[in-house]
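Participant: got a sequence here, can you model it:
(one chain, ligands or ions: 1)
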Amino acid sequence: MAAFARVSGSVGLITLQNPPVNALSAAVRQGIVDSVQRALREPEVKCVVICGQNGIFCGGADIREFSGPMSGPPLIPMIHSIEVAAKPVVAAIEGSALGGGLEIALGCHYRIAHSKTRLGLPEVTLGLLPAAGGSQRLPRLIGVPAALDLITTGRHVTAAEALQLGMVDQVTDRNVTDVAVKFALSVVGKPLDARRISMHSCPHSPDLDELFERTMQHVRQRARGAIAPVACVQAVRAAATLPYAQGMEKERELMATLFTSGQARALQYCFFAQRAIGRWSMPSGARWDTSKPRPVHKTAVIGLGTMGRGIAVTLAQAGFPVIAVENHEKQLMAAKQAISGMLERGAKRRGVTPVLNKITYSRDIQSVANADLVIEAVFEDMALKEKVFQQLSAICKPGALLCTNTSGLNIDHLASQVRNPELVVGMHFFAPAHVMKLLEVVYGPRSSSEALATAMAVGKKIGKVSVAVGNCQGFVGNRMLEHYVEQALFLLEEGATPELVDQALEEFGFAMGVFRMSDLSGLDIGWRVRKGKGLAVPDPTTGQTARVQQGRRYSPVADLICEQGRFGQKTGQGWYQYNTPGSRVGKPDPWVHNFLKDYRARHGLVARRIDHQEVLERCLYSMINEGFRILEDGIAAGPEDIDVIYVFGYSWPRHRGGPMFYAHMVGLPKVLERLEHYHQAHPDVPSLQPCNLLRKLVANGSPPIQKWKEVMKKINSRL
Ligand SMILES: CCCCCCCCCCCCC/C=C/C(=O)SCCNC(=O)CCNC(=O)[C@H](O)C(C)(C)COP(=O)(O)OP(=O)(O)OC[C@H]1O[C@@H](n2cnc3c(N)ncnc32)[C@H](O)[C@@H]1OP(=O)(O)O
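Facilitator: Numbers count the residues shown, from 1 in each chain. Next up is the predicted model:
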């Protein structure tokens with residue numbers, strides 16, 4: 001809806017009204033059309049101001065409408081009618097003016113913004129382009145280079161930057177609607193043609209062809225197969241080279257392709273999934289809206305290795321006082337130096353003062369006695385963590401939340417070491433902890449809803465995308481990853497090379513394939529974990545690690561690589577070879593190829609031709625299958641939780657929506673059929689055996705992903 005009122009005698013004030021963000025639903029668009037007509041019709045109205053209610057101008061088109069048939073007045077003619085109006089129209093912008101919201105403002109003759117406003121055309125992040133004239137008006141207003149940057153990245157700018165770029169005419173700290181009303185009255189009777197952006201031509205930029213070519217190359221590289229950024233460049237090129245009407249035609253054509261694409265569906269799904277994960281629930285029935293977080297004023301981090309340092313930085317940057325504990329003086333000093341450097345570099349990047357004084361360093365674990373929340377980040381060793389938890393239980397004040405940053409150890413076992421097991425949760429950060437957005441918040445069977453609510457609230461405050469998950473080996477992310485890596489190793493045994501597997505995954509959209517990624521993170525990490533699980537252990541009779549372990553197929557290929565001291569980038573050799581240890585550019589390594597040949601010969605394996613499709617199906621479907629098991633076990637509350645974990649923690653390409661959304665797009669019957677096919681070919685690989693939930697969803701007509709939870713509930717209630 002949009003309300004119309006006459007204010008200050010002759011100003012027609014149009015207020016967009018659609019909480020929470022005044023999205024441009026059909027009703028809002030109708031309201032604007034009616035109000036503009038009325039303002040132009042009424043002779044008492046001399047000028048018009050458009051604003052939004054509740055401190056926000058407009059969050060753009062109503063994204064929910066994109067998944068159904070569109071109805072109501074279309075945006076383009078509506079904005080055109082504002083631009084051609086014979087009375088001056090002023091946009092009074094506060095809060096946010098995004099997407100279609102900013103496009104309306106660009107159709108107005110003047111734009112006045114509150115100093116705290118953020119403006120942008122984020123359509124590209126939803127798999128679209130600013131197709132209500134934004135791709136044609138913005139370059140005409142601020143020039144091609146700046147418009148290319150904003151439209152291809154979807155970046156939001158502050159009011160100050162918008163003023164500098166020429167996107168807005170004035171910035172104010174006062175009530176923006178009052179200022180706009182006064183301003184509108186002051187421009188009544190002035191000529192409007194020069195204020196109609198569509199009548200401008202693009203400001204001249206030198207070497208335009210070269211700029212577009214460079215940007216296109218850069219965008220293609222960064223996009224990893226996403227089509228919207230490429231379309232955005234093409235649309236801006238049309239603005240720079242064609243008259244407005246033809247540019248609009250090009251914008252429409254490009255949008256028609258994007259609008260119905262799977263990538264747009266995936267990205268819009270991600271938008272809502274990211275918000276849905278905040279509405280967490282526990283199997284006990286406790287929920288985000290019925291559980292109150294405890295207040296957290298003081299925090300502590302135990303163990304200042306790589307993870308502990310990153311966690312301390314994250315907490316301090318969010319404003320929490322942190323007690324950072326490391327029991328060896330030399331390591332404590334090294335950590336202090338590293339943390340100070342991280343804080344200083346971060347502050348420089350953000351143009352703020354480093355918060356060095358938020359962190360107190362100590363060698364004495366007793367110093368955490370007053371902390372409200374303690375995060376243990378010591379070495380990944382259960383005996384060591386048990387000891388730390390026993391100490392914390394004795395030291396910490398009653399009610400303190402005790403968290404562990406384990407990446408897979410049993411939370412419930414750690415909870416059993418303390419007086420108040422209900423106050424123990426996992427906070428699984430991803431490396432580097434001060435950079436990566438994902439946080440898995442892990443509740444055990446004894447964790448209270450209050451403890452989970454507190455960890456989720458802290459996660460939000462420190463700017464993490466926090467997902468609540470249940471306790472199991474590897475939690476959600478690493479539990480699924482295990483199957484992905486396992487298939488990649490089996491593919492090497494069967495005839496693939498690391499390059500072939502990585503190329504297939506990188507063409508799919510991963511920033512790095514599984515082997516390149518392992519080289520980056522260090523092969524020794526997985527080796528240690530496998531040894532801890534009793535795998536990677538040579539058979540005493542043959543001296544070799546068996547290819548069947550714990551009753552199932554096992555590939556010792558990665559262990560044998562590690563035995564050669566090849567730990568990846570840090571040693572200059574891993575699945576690839578590097579010019580020097582620490583170098584980031586890996587080349588295919590003939591040693592690895594020969595090693596694989598010898599290995600296959602030793603085990604009587606005959607190499608066969610493996611194509612990209614098999615790589616994707618084996619690696620991704622086995623992982624998706626585990627995702628269904630995770631849903632079946634109630635470890636994740638819904639597919640959105642799994643997808644958000646993969647997009648934010650494992651660089652799953654966002655334009656493919658996450659593994660579970662990808663399964664929905666491929667079609668559950670096809671995923672089931674391919675898993676059955678591969679399981680028949682490899683009966684000794686349990687992860688290829690389709691799980692019950694997948695079978696049941698297919699038997700229930702393969703409902704769309706938005707309905708899985710409902711169907712899961714129905715299936716469970718029938719059991
Ligand atoms: C057959 C071929 C046809 C081809 C032709 C096609 C015709 C169609 C042409 C249409 C042309 C359209 C051109 C314009 C496109 C757009 O405008 S796309 C939308 C662009 N806007 C955005 O991307 C902004 C998205 N929103 C935000 O970034 C943030 O919400 C915010 C505005 C900055 C506010 O943030 P915050 O205060 O943190 O609140 P949130 O938690 O994020 O949101 C609160 C709830 O509001 C929901 N929501 C937000 N924005 C929208 C939206 N634009 N539409 C619908 N819903 C929105 C959000 O989901 C939250 O609700 P819950 O999910 O229920 O929690």
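Participant: which residues in the stretch 551-700 of the chain form strands?
Facilitator: Assigned strands in the stretch 551-700 of the chain, in chain order: 552-553, 576-578, 586-588 (criterion: DSSP state E, counting those that start in this stretch).
Participant: so what does residue 633 have for phi and psi?
Facilitator: phi -80, psi -10 (degrees, to the nearest 10).
Participant: thought residue 514 was touching residue 620?
Facilitator: No. Counting by CB atoms under 8 Å, residue 514 sits too far from residue 620 to count as a contact (11.0 Å). For every residue, glycine as well, the C-beta is placed using N, CA and C.
Participant: overlap in contacts of these two?
Facilitator: Taking CB atoms under 8 Å, 6 or more residues apart in numbering as the contact rule, residue 514 and residue 620 both touch residue 484.
Participant: quick one: the helices in the stretch 1-150 of the chain?
Facilitator: 26-41, 75-83, 100-107, 134-142, 144-153 (DSSP state H, counting those that start in this stretch).
Participant: would you indicate which residues of the helix of greatest length in the chain are buried?
Facilitator: Taking DSSP state H as the criterion, the chain has its longest helix at helix 329-350. Residues of helix 329-350 classed as buried: 332, 335-336, 338-339, 342-343, 346 (neighbour count, 16 or more other CB atoms under 10 Å).
Participant: over to stretch 182-190?
Facilitator: Of the residues in stretch 182-190, those buried (16+ other CB under 10 Å) are 183-185, 187.
Participant: need those in JSON lines (columns: pLDDT and secondary structure).
Facilitator: Below are these laid out as JSON lines (pLDDT from 0 to 100; DSSP: H, G, I helix; E, B strand; the rest coil):
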{"residue": "183", "pLDDT": "98", "secondary structure": "helix"}
{"residue": "184", "pLDDT": "98", "secondary structure": "helix"}
{"residue": "185", "pLDDT": "98", "secondary structure": "helix"}
{"residue": "187", "pLDDT": "98", "secondary structure": "coil"}
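Participant: please report how far the closest residue to residue 427 other than its chain neighbours lies from residue 183.
Facilitator: Among residues not flanking residue 427 along the chain, residue 403 sits closest, at 4.3 Å (CB to CB, 6 or more residues apart in numbering). Between residue 403 and residue 183 the computed distance is 52 Å (CB to CB, to the nearest Å).
Participant: from residue 313, how far off is residue 336?
Facilitator: Counting by CB to CB, the gap from residue 336 to residue 313 is 12 Å.
Participant: what average pLDDT does the longest helix of the chain get?
Facilitator: If you average the pLDDT over helix 329-350, you get 96.
Participant: whichever helix or strand residue 520 is part of: what's the following helix or strand?
Facilitator: Element membership for residue 520 (DSSP states H and E) is helix 514-521. Next helix or strand after helix 514-521 toward the C-terminus (DSSP H and E): helix 523-532.
Participant: direction included, what does whichever helix or strand comes after that next one pair against?
Facilitator: Where DSSP H and E defines the elements, the next helix or strand beyond helix 523-532 is strand 548-549. Its sheet considered, strand 548-549 pairs with strand 552-553 (antiparallel) by DSSP bridges.
Participant: how far does the partner strand sit from the chain's center?
Facilitator: Chain-centre distance of strand 552-553: 34 Å, with CA atoms, centre = their mean, to the nearest Å.
Participant: likewise for stretch 131-145?
Facilitator: Put simply, stretch 131-145 sits 27 Å off its chain's centre (CA atoms, centre = their mean).
Participant: about what we covered before: how far out from the middle of the chain is the longest helix of the chain?
Facilitator: 26 Å.
Participant: over to stretch 384-395?
Facilitator: Worked out by CA atoms, centre = their mean, stretch 384-395 lies 34 Å from the chain centre.
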